[in-house]
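[1] here is the input, now give the coordinates:
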Amino acid sequence: MKKSFTTRSLNVPFPRVDAHKALDMPVYETVAYEFDSSEDMSANFRGELPAHVYSRTSNPTVEYFEQKIKALTGAYQVLAVASGMAAISNTILSVCKSGDNIISGNHLFAHSYALLDQSLRSYGLEPRFVDTTDEQAVEKLIDENTRAIYFETVTNPQLEIADISKLSAIAKKYNLLLIADSTVTPPLIFNGRFHGIDIEVMSTTKHISGGGTSFGGLILDHGSYNWALNPNLNPLAEKFGKDTFIARLRKNYFRNTGGAMSAHTAHYQILGLDLLELRFERSYASCIKLGEFLSQHPKVCRVTYPGLKGSHDYDLAASQFNGKPGTILTFELKSEAACFTFMNHLHIIRRATNLNDNKSLIIHPWSTIFVEFSEDERRAMRIQPTALRLSVGIEAANDLIQDLELALNSLD
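    Sure thing, here's the model as predicted:
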């Protein structure tokens, strides 16, 4: 009988038996590790003797966090990094070079969009932005220099959902890598390896950290891609086989750019992972109740949450995420001024920029996360000045509804 997510998370064994039989993985806050002999040290640097040598490249506490994720997801390889943005940048840098292009969703989180459109474009990588819910449009952009299709499982904050099976079919047809940012849909409700995704990246700062305690990111390799098909990794594929991607990361971009997760961060992430199921289920239940309340309120113009019956992507949310497409929703008021007035009258829900904290958080994306983009660019991304994004926490649903109602009553 398959055990629950929480039971499995709490019972992942340590990579090595702890000398003191500790129930929780100790925090190995150290920089370097001693070898028994100079011969062992030399063998490690030649790649012949696996061992921790320097915490910028690996650390026992971080390793345990990686092993827990690997055990819970069935991923072939897992690498923990300093942030979600580090996960995205390390992944793309490892599979692309100057002159290549990557097909990307055009409704990405603002900083992910900027990474592709500003940072990586300046180094010769061409992002080709497209609506990933339009499979024909995706396929038309592919040429001999395309290396991957990149998308978000649920876009933030538009909350759109692409048909992953169709994107996977296109990727396989052209021997492309399919990369998904699954931040909004954590491992509890979504497993990319069952949907044809080759690489998952996610910000563990969100669902997994548990209450916004720490920054972190994950790269999951599901072992499904033939790395000999990528001309940038083909030279390594003969030597490393299925381990080509993780070898490229650990021996090049991850090691050399310095985006390592700290031991203390890994400790927070481990604790958050163990409580993920409890926190998520409560937040999800409240998200449904808040969505239903807002949908019926006369001062709310529109509510978007794919988990609500009758929503545009409800069927896809049911098939891909077991009907639980994250715990954030968006809603629109009559004007930008109304959004500001509304937020200023909230007392329980916090005005802050994060997702999936224990606390419920609200933000006006138009004037904050996406403010660096022009008005035309924001509208093209389907960011509206009348829209608010609400990340639902673990407070009692009735308390949150009362807070929303009082703030709505403040509007003319």
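
[2] each with direction, which strands does the top strand by length along the chain pair with?
    Ranked by residue count and defined by DSSP state E, the top strand of the chain is strand 146-152. For strand 146-152, the paired strands and their directions (DSSP bridges) are strand 101-105 (parallel), strand 177-181 (parallel).

[3] pick the most buried one from the ones you listed.
    Scoring the strands paired with strand 146-152 by mean neighbour count under mean count of other Cβ atoms under 10 Å gives strand 177-181 as the most buried, with a mean of 26. Where C-beta positions appear, they are placed from N, C-alpha and C, glycine not excepted.

[4] neighbouring contacts of stretch 4-14?
    3, 25, 64, 67-68, 71-72, 187-188, 273-278 (Cβ atoms under 8 Å, 6 or more residues apart in numbering).

[5] need the max-distance pair from the residues you listed.
    Of all pairs drawn from these, the one with the longest distance (Cβ to Cβ) is 67 and 278, at 21.5 Å.

[6] quick one: residue 398 and residue 346, what's the gap?
    The span separating residue 398 from residue 346 equals 15 Å under the rule Cβ to Cβ, to the nearest Å.

[7] more neighbours: those two, which one.
    Each of residue 398 and residue 346 has its neighbours counted (other Cβ atoms under 10 Å); residue 346 has more, 18 against 10.

[8] from what I can see the more buried one touches residue 409, true?
    No. When contacts are counted by Cβ atoms under 8 Å, residue 346 is not listed as touching residue 409 (11.9 Å).

[9] where do the strands of this protein begin and end?
    In order along the chain, the chain carries the following strands (DSSP E): 77-81, 101-105, 126-130, 146-152, 177-181, 199-203, 217-221, 302-304, 328-332, 350-351, 361-363, 387-391.

[10] need those strands in a markdown table (columns: distance to residue 93 and mean pLDDT).
    Formatted as a markdown table, these follow (distance: least, Cβ to Cβ, whole Å; pLDDT from 0 to 100):
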| stretch | distance to residue 93 | mean pLDDT |
| --- | --- | --- |
| strand 77-81 | 12 | 98 |
| strand 101-105 | 11 | 97 |
| strand 126-130 | 13 | 97 |
| strand 146-152 | 11 | 98 |
| strand 177-181 | 12 | 98 |
| strand 199-203 | 12 | 98 |
| strand 217-221 | 12 | 98 |
| strand 302-304 | 33 | 97 |
| strand 328-332 | 28 | 97 |
| strand 350-351 | 35 | 97 |
| strand 361-363 | 29 | 98 |
| strand 387-391 | 29 | 98 |
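
[11] nearest to residue 240, of those?
    Between residue 240 and those, the shortest separation by Cβ to Cβ is 10.9 Å, and it involves strand 77-81.

[12] what's the angle from the closest one to strand 217-221?
    Using axes from the mean of the first three to the mean of the last three Cα atoms, to 10 degrees, one finds that strand 77-81 and strand 217-221 are set 160 degrees apart in direction.

[13] now do strand 77-81: distance to the chain's middle.
    Taking the mean of its C-alpha atoms, strand 77-81 sits 13 Å from the chain's own mean (Cα atoms, centre = their mean, to the nearest Å).

[14] also stretch 267-282?
    If you compare the mean C-alpha spot of stretch 267-282 with that of the full chain, they lie 15 Å apart, counting by Cα atoms, centre = their mean.

[15] what does that stretch contact?
    By Cβ under 8 Å, 6+ apart, the residues outside stretch 267-282 that reach it are 4-6, 9-10, 24-25, 27, 61, 64-65, 68-69, 72, 80, 186-189, 204, 207-211, 213-214, 216, 261, 324, 327, 358, 394.

[16] list the buried residues in it.
    Of the residues in stretch 267-282, 267-277, 279-280, 282 count as buried by neighbour count, 16 or more other Cβ atoms under 10 Å.

[17] kindly export that stretch (C-alpha atoms) in CSV.
    In CSV, the C-alpha atoms belonging to stretch 267-282 read as follows (Å, rounded to 0.1, in the frame of the first residue of the first chain):
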residue,chain,number,x,y,z
HIS,A,267,17.3,22.6,7.2
TYR,A,268,14.4,25.0,6.9
GLN,A,269,13.4,23.5,3.6
ILE,A,270,13.4,20.0,5.1
LEU,A,271,11.1,21.0,7.9
GLY,A,272,8.8,22.8,5.4
LEU,A,273,8.7,19.8,3.1
ASP,A,274,7.6,17.5,6.0
LEU,A,275,4.6,19.8,6.7
LEU,A,276,3.8,20.6,3.1
GLU,A,277,0.8,18.3,2.8
LEU,A,278,-0.8,19.7,5.9
ARG,A,279,-0.3,23.4,4.9
PHE,A,280,-1.2,22.9,1.3
GLU,A,281,-4.5,21.1,2.0
ARG,A,282,-5.6,23.8,4.4
